[in-house]
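Participant: Model the following, please.
(one chain, ligands or ions: 3)
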Amino acid sequence: MSSKTYFIRTFGCQMNEHDSERAAGVLESMGYRPVPDPARADLVLFNTCAIRENADNKLYGQLSALKPLKLADPGKTIVVGGCLAQKDQEGLAAKVPWVDVVYGTHNMGSLPRLLAQADSAELPVIEILEHTEMFPSALPARREVRHHAWVSISIGCDNTCTFCIVPSLRGPEKSRRPGDIVTEVRGLAADGVREVTLLGQNVNSYGRDLVRRGEAGEGRRNRTLFAELLHAVGEVDGIDRVRFTSPHPKDFTSDVFAAMRDVPAVCEQLHLPLQSGSDRVLRRMQRSYRSARYLDLVAEARATIPGVAISTDIIVGFPGETEDDFAETLRVTEAAAFDSAFTFEYSRRPGTAAVDLDGHVDPAVVGERYQRLADLTRRLSLAGNEAQVGTVQELLVEGPSKTDPSRVSGRTRTNRLVHVPAGPGVVPGALVRARLTRAAPHWLLGEVEAVLDAPAAPRPEPVLLPVLR
Ligand code: SAH
Ligand code: SF4
Ligand code: F3S
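Facilitator: Numbering: from 1, shown residues only. Ligands and ions are numbered 1, 2, ... in the order given. Sure thing, here's the model as predicted:
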């Protein structure tokens with residue numbers, strides 16, 4: 001076994017965070033140990049994202065910053081994996097020739113072999129596959145946070161949203177078998193995990209491919225496989241919280257709301273990407289729901305799940321978006337009263353269908369609309385958090401507050417970030433009861449009233465895997 005060191009930086013979405021934890025697990029099984037500084041690491045791995053153009057540009061900037069490290073220490077191994085590698089393939093190695101290994105989204109399991117090849121090769125070793133060899137979940141993991149785990153329920157996406165590059169990078173949707181998922185969650189619970197987040201690009205279509213192939217298993221009740229899975233995962237002993245992302249409004253079914261209400265572990269939190277409030281734009285995006293259907297889902301969620309917090313993703317300036325279309329986005333946003341929103345300026349991704357649409361919007365207009373939407377979502381987030389002040393909530397403690405060393409941070413079941421004073425028992429992985437005292441748009445302050453439940457076992461030092469969005 002070697003005693004080499006590694007450093008991983010993750011860009012992009014939760015799937016990538018999950019993949020990075022697997023890559024860390026693979027490296028640790030090869031004898032590597034983590035260090036918090038790329039300059040000190042024998043191996044630096046960037047797990048990349050290509051969702052928007054500025055993500056690409058920023059990444060190439062960061063990859064350039066590795067060049068002096070490689071020049072100073074030619075023995076250092078530089079690895080680039082993930083979506084940007086899948087997209088640019090040999091082009092990436094041509095632009096940043098100081099990389100040693102480039103691998104895509106489908107072959108993380110090959111890392112040990114690629115590293116061995118790179119040891120004896122002069123040129124970068126590049127391996128990009130078109131299909132997934134194995135679910136990343138089959139690989140060992142090194143989790144960033146001991147009490148939380150990402151659990152992949154499906155990979156890839158069968159939708160054709162015209163702005164989106166993901167299907168071309170992650171391939172068609174492939175679901176894991178429910179039994180494998182539940183077995184993984186049981187193992188995680190035994191290892192001290194108390195919160196899991198189920199991951200898929202479209203969790204509501206989970207299992208359709210299994211049904212098609214007759215592999216969905218026996219004993220299904222009158223529920224979708226995703227609702228069924230929420231029940232099965234929520235019933236695993238030791239799992240206190242279950243979250244999931246992302247559902248798609250077009251496939252959302254009432255049995256999922258019912259599961260969110262009926263399964264105690266499933267949290268009162270819903271991330272439901274809107275993308276646009278204009279029906280005309282939704283049609284051009286090939287998002288097949290309309291704003292009325294979206295608002296009906298929001299109303300059903302609020303009526304079925306008391307206290308549910310709803311978040312969303314919105315794109316501003318999609319090709320052809322007029323001032324009237326944008327006014328519809330503002331109207332739906334206000335009506336949905338989102339608790340939080342991730343807002344993006346539309347980014348042109350070569351290879352996606354939207355590139356060929358007419359009416360690309362002037363960047364100055366996009367910027368101005370973006371600001372108006374950001375002002376609105378900030379006001380809604382503040383109102384949502386202010387309504388929480390005075391209430392008592394269960395927090396799962398995550399770790400020290402990033403801004404105030406005298407406090408620790410935790411999340412409510414609705415995924416609100418709350419900072420509370422550090423104190424006995426208020427340690428990462430603990431469940432505490434806190435009274436919320438002050439609100440800002442993106443966080444709250446609180447006072448701990450009681451420690452409800454200590455973490456299951458002492459927690460080892462975390463590995464830092466910074467995530468840049
Ligand atoms: N499968 C998830 C989305 C994954 S991408 C879903 O359907 O919800 C995450 C978010 O990035 C999307 O919801 C969208 O809002 C944004 N996004 C994707 N492509 C984009 C583009 N070309 N320009 C701007 N934002 C984009
Ligand atoms: Fe992209 Fe649409 Fe699939 Fe989400 S559902 S990954 S936005 S194509
Ligand atoms: Fe995720 Fe970015 Fe790929 S959002 S799926 S890492 S392009």
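
Participant: And the strands in the stretch 351-469 of the chain, which stretches?
Facilitator: 392-400, 407-411, 417-421, 431-439, 444-453, 467-468 (DSSP state E, counting those that start in this stretch).

Participant: Could you tell me which strands the fifth one is paired with, and in which direction each runs?
Facilitator: To tie it back to what came earlier, the one meant is strand 444-453. strand 417-421 (parallel), strand 431-439 (antiparallel) (DSSP bridges).

Participant: and of those strands, who's closest to F318?
Facilitator: strand 417-421 (29.8 Å; Cβ to Cβ). C-beta here means a position set from N, CA and C on the backbone, and glycine is covered the same way.

Participant: thinking again about what came up before, of all the strands of the stretch 351-469 of the chain, which one is nearest ligand 3?
Facilitator: Minimum separation from ligand 3 across the strands of the stretch 351-469 of the chain (Cβ to the nearest ligand atom) falls at strand 467-468, 10.5 Å.

Participant: quick one on the thing from earlier: just name the most buried of the strands paired with strand 444-453.
Facilitator: Counting by mean count of other Cβ atoms under 10 Å, strand 417-421 has the highest mean neighbour count of the strands paired with strand 444-453, with a mean of 22.

Participant: Identify the residues contacting it?
Facilitator: Residues outside strand 417-421 that contact it (Cβ atoms under 8 Å, 6 or more residues apart in numbering) are 393, 395, 401, 403-404, 406-412, 426, 432, 434, 436, 442-448.

Participant: returning to that earlier point: in CSV: the strands paired with strand 444-453, plus distance to F252 and mean pLDDT.
Facilitator: Listed next are these as CSV, based on distance: least, Cβ to Cβ, whole Å; pLDDT from 0 to 100:
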stretch, distance to F252, mean pLDDT
strand 417-421, 26, 97
strand 431-439, 29, 97
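
Participant: Can I get these in JSON lines including distance to T48?
Facilitator: Shown next, in JSON lines, are the strands paired with strand 444-453 (distance: least, Cβ to Cβ, whole Å):
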{"stretch": "strand 417-421", "distance to T48": "27"}
{"stretch": "strand 431-439", "distance to T48": "35"}
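
Participant: Those: which one's closest to ligand 2?
Facilitator: It is, among these and with distance given as Cβ to the nearest ligand atom, strand 417-421, at 24.9 Å.

Participant: Alpha carbons of that closest one, in PDB - could you do that?
Facilitator: These are the backbone C-alpha positions of strand 417-421, laid out as PDB (Å, rounded to 0.1, in the frame of the first residue of the first chain):
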ATOM      1  CA  LEU A 417     -29.900  26.800   7.500                       C
ATOM      2  CA  VAL A 418     -29.800  27.700  11.200                       C
ATOM      3  CA  HIS A 419     -26.800  28.900  13.300                       C
ATOM      4  CA  VAL A 420     -27.000  28.200  17.000                       C
ATOM      5  CA  PRO A 421     -24.500  28.800  19.900                       C
END
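
Participant: How is the protein divided into domains?
Facilitator: Using automatic domain parsing, the domain ranges for the chain come out as 5-127, 137-386, 392-453.

Participant: hey, where'd the strands end up in the stretch 101-250 of the chain?
Facilitator: Going by DSSP E, counting those that start in this stretch, the stretch 101-250 of the chain shows strands at 101-103, 125-127, 148-152, 154-155, 174-175, 195-199, 241-245.

Participant: which helices and strands sit right next to the second one?
Facilitator: Here strand 125-127 is seen to pack against strand 101-103, helix 111-120 when contacts are counted using 3 or more Cβ pairs under 8 Å, 6 or more residues apart in numbering; DSSP states H and E.

Participant: Columns mean neighbour count and mean pLDDT on top of these, output as a markdown table?
Facilitator: Listed next are the helices and strands packed on strand 125-127 as a markdown table, based on neighbours: other Cβ atoms under 10 Å; pLDDT from 0 to 100:
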| stretch | mean neighbour count | mean pLDDT |
| --- | --- | --- |
| strand 101-103 | 25 | 95 |
| helix 111-120 | 15 | 92 |
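
Participant: Among these, which comes closest to ligand 3?
Facilitator: Nearest to ligand 3, of all the helices and strands packed on strand 125-127, is strand 101-103, at 13.8 Å by Cβ to the nearest ligand atom.

Participant: and the closest one, how far out from the chain's middle?
Facilitator: With Cα atoms, centre = their mean, to the nearest Å as the basis, strand 101-103 stands 22 Å off its chain's centre.

Participant: again, but for stretch 338-355
Facilitator: Taking Cα atoms, centre = their mean, the mean C-alpha location of stretch 338-355 is offset from the chain mean by 16 Å.

Participant: Same check on stretch 336-347?
Facilitator: On Cα atoms, centre = their mean, the centre of stretch 336-347 falls 15 Å from that of its chain.

Participant: What residues does the residue of the stretch 51-200 of the chain with the smallest separation from ligand 1 make contact with?
Facilitator: Proximity of the stretch 51-200 of the chain to ligand 1 (Cβ to the nearest ligand atom) peaks at F163, 4.0 Å away. The contact partners of F163, by Cβ under 8 Å, 6+ apart, come to M285, I315, F318, Y346, S347, R349, T352, A354.

Participant: ok, of the residues you listed, which one's closest to P112?
Facilitator: For the contacts of F163, the nearest to P112 is R349 (32.2 Å; Cβ to Cβ).

Participant: what sits against the closest one?
Facilitator: A50, I51, R52, E53, F163, C164, I165, V355.
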